[in-house]
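Asker: no sequence on this one, just coordinates:
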């Protein structure tokens, strides 16, 4: 494991590390912010999952997260969004292949060898973080767009694993929208029943744990009607009796300007859950 | 004048505009953040000058400035760092030509036609902003590295023009360091006496107005000893009796992680001056 970057930030340090992932069978990078409180003892960890085309850099450079992490004493881990490298399957497309891992375990060729982001984010990365950094086992998960889908799906599939979950502009029903249909068709094959294991709207119905879902969605988001469709999550949560706090924000788009505007509220939400008990 | 981008942000809007600059004789872009208070009436303006290699994008995407601008009701204008375009003189170098305007008026060929960033930032851009946006004539200036040099020089050369000035990691004595020697030698020629009109340490001695200089400098800055040399500004201000608040920040480097960590204090400083009287 090799440290690629280290920058003092808000009294703590923003680092970027590269390591060999056994699960992904490639080298991968992640950002980790260690707040000032981590110098005195272990801190809980918020995992942030980024969207299509992103690497570990986008969130750590654009969201202003370090200020809130320092305020609440949270470590923030931001992995890359897919396996990477010359020998990792890829296509010339922003919404499939490298940069578009969709936080699932692929079952179809040529994807199944490397594209196992679910297991990487849920198991391998926390084990690495908790063994090598001053991190407790208290975990939260959040993300944006494809990463908002990832946050919801990881929390719904893994009861007890996360203390809290939130999302900005998530793809809530990938089985029903073009981004998800393309990705799932390639990564999981044409059997749509298999897709439902990776679809937040489908998972809500059978969720073993009623972890409240906090979701922020911009009403001027250019992908709102075609790819995001938050009303489907509202309907699924209503039907299942699953707690959902969906906030529609007038005028906001899909960009990091939106995330940065409301990230403080997400950090407060996660800090409350992570600092509990 | 054409609006290129508009994003809701912290209750206001972050925009990017492109216009034809008569002073620079080219098209140029600038970012402008309009805080929520600008919907009710005119607001004062903070001009932010970015460093080498930057465009209008770096500060608006990486610094987290919108939160503080919204808090204090300040408009923030962030111009590009040099004239741009295929017919604008350039060299294959990160510290000369496009992206490296140094906020001066060039006198030598091939630079003198377009490289007039001083007049652009001091005169043309504020006139444009004050005519087209809900901006008052109360102005402040700040910047980073080459832009920190720009902020100090513009304030020192133009008494009465700015209510307040601050800088992160500024090039305080360009006449005495490699970045400045290269740029000034090209833009201004070999007569070093002419350089002193664009050198904060030299200008302090004859400053007609004792505007306090607020400067933050990281002690782990990789350019500290070779290019920045804040001790020269300390000595010049001591000798001239010019008020300087220089804060050396242990562990911080030259990056936007440093700027983002202390930007709230600079905004508070400017807001106090801009909201006065």
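Answerer: Yep, that arrived. Just so it is clear, the structure is predicted and the values come from calculations on it, not from any experiment.

Asker: Residue A:133 touches residue A:75, doesn't it?
Answerer: Yes. Using C-beta atoms under 8 Å, residue A:133 is in contact with residue A:75, at 6.7 Å. (Each C-beta comes from the backbone N, C-alpha and C, glycine too.)

Asker: Which residues are in contact with each of these two?
Answerer: A:32, A:34, A:38 (C-beta atoms under 8 Å, 6 or more residues apart in numbering or on different chains).

Asker: just to revisit the earlier point, residue A:133 and residue A:75: who's more crowded?
Answerer: The residue with more neighbours, out of residue A:133 and residue A:75, is residue A:75; 27 against 17, by other C-beta atoms under 10 Å in any protein chain shown.

Asker: got the contact list for the residue sitting nearest the centre point of chain A?
Answerer: Nearest residue to the geometric centre of chain A (C-alpha atoms, centre = their mean): residue A:49, 2.5 Å. Taking C-beta under 8 Å, 6+ apart, we find residue A:49 in contact with A:79, A:81, A:103, A:121, A:141-144, A:146-148, A:150-151, A:154.

Asker: quick one: it and residue B:181, what's the gap?
Answerer: 47 Å (C-beta to C-beta, to the nearest Å).

Asker: again with residue A:140
Answerer: From residue A:140 to residue B:181 the distance is 51 Å (C-beta to C-beta).

Asker: neighbour count winner among those two?
Answerer: It is residue A:140, of residue A:140 and residue B:181, that has more neighbours when counted by other C-beta under 10 Å, with 25 against 14.

Asker: Let me know how buried residue A:106 is, in neighbour terms.
Answerer: Using other C-beta under 10 Å: residue A:106 sits among 24 other residues.

Asker: is it true that it touches residue A:120?
Answerer: No. No contact is recorded between residue A:106 and residue A:120 when judged using C-beta under 8 Å, the distance being 11.9 Å.

Asker: Just the strands from the stretch 101-250 of chain A, written as ranges.
Answerer: All strands of the stretch 101-250 of chain A, identified by DSSP state E, counting those that start in this stretch, fall at A:135-143, A:164-168, A:213-218, A:244-249.

Asker: And the pLDDT for residue A:276?
Answerer: pLDDT, residue A:276: 76.

Asker: which non-adjacent residue is nearest it?
Answerer: residue A:163 (7.2 Å; C-beta to C-beta, 6 or more residues apart in numbering or on different chains).

Asker: That neighbour: what's it in contact with?
Answerer: A:44, A:138-140, A:270, A:273-274, A:276.

Asker: closest to residue A:112 among those?
Answerer: Checking those against residue A:112 by C-beta to C-beta gives residue A:139 as the nearest, at 26.4 Å.

Asker: Look at that closest one and report its pLDDT.
Answerer: For residue A:139, pLDDT reads 98.

Asker: How about the contacts made by it?
Answerer: A:44-47, A:126, A:161-163, A:274.

Asker: cutoff 10 Å now
Answerer: A:44-47, A:75, A:77, A:122, A:126, A:129-130, A:154-155, A:158, A:161-164, A:270, A:273-274 (C-beta atoms under 10 Å, 6 or more residues apart in numbering or on different chains).

Asker: Ok, residue A:90 next?
Answerer: A:82-84, A:96-100, A:110-111, A:114.

Asker: Farthest pair within these?
Answerer: Largest pairwise distance in those, by C-beta to C-beta, is 16.1 Å, between A:99 and A:110.

Asker: More neighbours: which of these two?
Answerer: Taking neighbours as other C-beta under 10 Å, residue A:99 and residue A:110 compare with residue A:99 leading, 20 against 14.

Asker: looking at the strands of the stretch 101-250 of chain A, which is closest to residue A:88?
Answerer: From the strands of the stretch 101-250 of chain A, taking C-beta to C-beta, the stretch that ends up closest is strand A:135-143, at 21.3 Å.

Asker: Just checking: what are the partner strands of the closest one?
Answerer: Neighbouring strands of strand A:135-143 in its sheet, by DSSP bridges, are strand A:43-49 (parallel), strand A:164-168 (parallel).

Asker: Rebuild those as TSV, extending it with distance to residue A:229 and mean pLDDT.
Answerer: Output for the strands paired with strand A:135-143, formatted as TSV (distance: least, C-beta to C-beta, whole Å; pLDDT from 0 to 100):
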stretch	distance to residue A:229	mean pLDDT
strand A:43-49	19	98
strand A:164-168	13	98
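
Asker: Which pLDDT value belongs to the residue nearest to residue A:276?
Answerer: For residue A:163, the pLDDT comes out at 98.

Asker: Relative to residue A:153, how far out is it?
Answerer: For residue A:163 relative to residue A:153 (C-beta to C-beta), the value is 17 Å.

Asker: I'd assumed residue A:95 was in contact with residue A:178.
Answerer: Yes. With contact defined as C-beta atoms under 10 Å, residue A:178 reaches residue A:95; the gap is 8.5 Å.

Asker: Pick out whichever of the two has more residues nearby.
Answerer: residue A:95 (17 against 12).

Asker: Tell me if I am right that the more buried one is in a helix.
Answerer: No. Assigned with DSSP: H, G, I helix; E, B strand; the rest coil, residue A:95 falls outside any helix and is coil.

Asker: Since that was my last question, I'll sign off now.
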